[in-house]
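Participant: Any chance you could fold what I've pasted below:
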Amino acid sequence: MTFLGMSAELLARIQFAFTISFHFIFPAISIGTASYLAVLNAMWLWTRDEAYLKLFEYWKTIFAMTFGMGVVSGIVMSYQFGTNWSVFSEKAGAVIGPLMGYEVLTAFFLEAGFLGIALFGRQRVGDKMHMVAVAMVAIGTLISATWITSANSWMHTPAGYSIDANGNFVPADWWAIVFNPSFPYRMVHTVLAAFLTTAFVVGGVGAWHLLHDRTNRQARIMFSMAMWMAALVTPAQIFVGDMHGLNTLEHQPAKIAAMEGHYETHPDGAPLILFGIPDDKAEVTRYALEIPKLGSLILRHDPNAEIKGLKAFPREDRPPAMMPFFTFRIMVALGMLMLAIGMWSLWARWRGTLYTNKTLHRAALCMGPSGLIAVLAGWYTTEVGRQPFTIYGLMRTSESISPLAAQSVGTSLIAFICVYFAVFGAGTFYLIKLMARPPVLLEDHELDKGPIRTAGITPGPAQQDTQGDGHVV
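Facilitator: Numbers count the residues shown, from 1 in each chain. Alright, predicted model coming up:
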């Protein structure tokens, strides 16, 4: 039985893809923003330059919003393991459950314990303890990314398990489970992606305000810091991505074949297909625009190395090629644009035009959401490329789904779409409004209109004349 022509399995996959897409854009920002806040707060304590304090107060509200929406959307998403994917939960719960539980016990509790102090406690606990709280929140986001990435990586490259008499996956070696073959590459790739996502969001916001007021010092600082991240982290991400690709070729060659659009095996060197339209039914990539040998050079670092095509694998074990082929190219194209922006910013910095080059500012503004798009494209590439397996090579997606009617899954999917667009659409709209505010504190405009009312800043010792020179910090 189907719903709108789709099976329960396909609907459940669409529902999970939809909810995780909404969810992951928020951690992608909050992971990087938490570290950015720690740097800003440390710079404020080190220099006592109020520009860093203003930026901390400006971005902490944005961080709080993204963190909150990430938590809410993550909780809803995790329920689907019990509703739509109960068979997977039963079979692999002994491995996946503890990994997700460790994320709660180590990361979430750490973040929750220090979040209130980081957001509102500066005047109550003092600068040093407040810095500790901000650092703990940043560390907590990284620990959270570690456990979630480990669990997901295990599903791609399972290790350290055994299978009991009931067909359930049970732990045999937790070190091998946590540090499975793809985990180190995916972990670094994911964290760097979060940092780049934040860098381009911050850079886009800074560029927006520089276009309106090039003298705004806070806008200059945030734009400068973001462009340093773009220039330094993007090349590192490209290198890590290459290492991740080599690891994927070793452990999931069918995924690489789908990403590259190769149906035929190339024993003497595979071309790089720049563009084409994969056709799984005909087993050919139509209208292929190719560069000879370059595919093998990139994938094997040898232009004459053999690259297996999808025909080398049983048809029932092949991933669909269309989505990984295009989403991979979207991710790579955006990575190249990020690199170009980073190099452009270095040139502008060297020429002394970083804060006056409006063309660069407009380009950075347009690239503001690029990290989010690249992150989603990367996840679609790796997750669709894992099909038709939930646990690669061991458990099929068709074997993982709960015994549900297609109508039930389809109805809940429609409900998710309506609620998510209403709730998270409103939240995203508010985030954009927050980013559109000039990065200044309320007292910059209203010193003569009464007490300071900006969030998290109340008159106190840290804002009094502590240097005996009449300067209020």
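
Participant: Met69 against Tyr420, yeah?
Facilitator: No: judged on Cβ atoms under 8 Å, Met69 makes no contact with Tyr420 at a distance of 10.4 Å. Every residue, glycine included, has its C-beta placed from N, CA and C.

Participant: Compare neighbour counts for those two and give me the winner.
Facilitator: Per other Cβ atoms under 10 Å, whichever of Met69 and Tyr420 has more neighbours is Met69, with 23 against 17.

Participant: That one: which element?
Facilitator: helix 50-83 (DSSP states H and E).

Participant: Tell me which other helices or strands that helix touches.
Facilitator: Other helices and strands packing on helix 50-83, by 3 or more Cβ pairs under 8 Å, 6 or more residues apart in numbering; DSSP states H and E, are helix 8-47, helix 86-102, helix 109-120, helix 217-251, helix 406-436.

Participant: what angle separates it from helix 406-436?
Facilitator: 180 degrees (axes from the mean of the first three to the mean of the last three Cα atoms, to 10 degrees).

Participant: For helix 50-83, which residues meet the burial criterion?
Facilitator: 50-67, 69-74, 77, 80-81 (16 or more other Cβ atoms under 10 Å).

Participant: Relative to the whole chain's centre, how far out is it?
Facilitator: Centroid separation for helix 50-83 versus its chain: 13 Å, with Cα atoms, centre = their mean, to the nearest Å.

Participant: and what of stretch 236-246?
Facilitator: How far stretch 236-246 lies from its chain's middle: 16 Å, per Cα atoms, centre = their mean.

Participant: now swap in stretch 225-233 and tell me
Facilitator: 17 Å.

Participant: What average pLDDT does it get?
Facilitator: For stretch 225-233, mean pLDDT is 95.

Participant: Only the buried residues of that stretch, if you could.
Facilitator: Buried, per 16+ other Cβ under 10 Å, within stretch 225-233: Met225, Ala226, Met227, Trp228, Met229, Ala230, Ala231, Val233.

Participant: any chance of those residues in CSV, plus distance to His251?
Facilitator: Formatted as CSV, those follow (distance: Cβ to Cβ, whole Å):
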residue, distance to His251
Met225, 37
Ala226, 35
Met227, 36
Trp228, 35
Met229, 30
Ala230, 31
Ala231, 32
Val233, 26
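
Participant: Helices along the stretch 351-473 of the chain, start to end?
Facilitator: For the stretch 351-473 of the chain, the helices defined by DSSP state H, counting those that start in this stretch occupy 358-366, 370-384, 406-436, 443-446.

Participant: what's the burial count for Trp350?
Facilitator: Around Trp350 there are 9 residues (other Cβ under 10 Å).

Participant: Show me what the helix or strand hosting Leu337 is packed against.
Facilitator: Using DSSP H and E, Leu337 falls within helix 322-351. Packed against helix 322-351 by the contact rule (3+ Cβ pairs under 8 Å, 6+ apart) you find helix 183-212, helix 217-251, helix 253-260, strand 272-279, helix 358-366, helix 370-384.

Participant: Most tightly packed of those?
Facilitator: Of those, the one with the most neighbours on average (mean count of other Cβ atoms under 10 Å) is helix 253-260, at a mean of 25.

Participant: Report all helices and strands that that one contacts.
Facilitator: helix 217-251, strand 272-279, helix 294-300, helix 322-351.

Participant: how far off helix 370-384 does the first one point, in degrees?
Facilitator: Here helix 217-251 runs at an angle of 20 degrees relative to helix 370-384 (the same axes, to 10 degrees).

Participant: of the helices and strands packed on helix 50-83, which approaches Met367 most closely?
Facilitator: helix 217-251 (8.6 Å; Cβ to Cβ).

Participant: residue ranges with poor pLDDT in the stretch 301-450 of the chain?
Facilitator: Where the stretch 301-450 of the chain drops to pLDDT under 70, the residues are 441-450.

Participant: tell me the secondary structure for the residue lying closest to Thr356 once chain neighbours are set aside?
Facilitator: The shortest distance from Thr356 to any non-neighbouring residue, by Cβ to Cβ, 6 or more residues apart in numbering, is to Arg214 (6.1 Å). Secondary structure state of Arg214, per DSSP: H, G, I helix; E, B strand; the rest coil, is coil.

Participant: Tell me the pLDDT of Arg214.
Facilitator: pLDDT, Arg214: 88.

Participant: Work out for me the element the nearest residue to Gly160 once chain neighbours are set aside sits within.
Facilitator: Spatially, and ignoring its direct neighbours in sequence, Gly160 is nearest to Ala176 (2.9 Å; Cβ to Cβ, 6+ apart). Following DSSP H and E, one finds Ala176 within helix 174-178.

Participant: Name the residues that touch that helix?
Facilitator: Val95, Leu99, Ser150, Trp154, Ala159, Gly160, Tyr161, Pro171 (Cβ atoms under 8 Å, 6 or more residues apart in numbering).

Participant: rerun that using 10 Å as the cut-off
Facilitator: With contact meaning Cβ atoms under 10 Å, 6 or more residues apart in numbering, helix 174-178 is reached by 95-96, 98-99, 102, 146-147, 150-151, 153-154, 158-161, 169, 171, 183.

Participant: List the buried residues of stretch 137-146.
Facilitator: Under 16+ other Cβ under 10 Å, the buried positions of stretch 137-146 are Val137, Ala138, Ile139, Gly140, Thr141, Ile143, Ser144, Ala145, Thr146.
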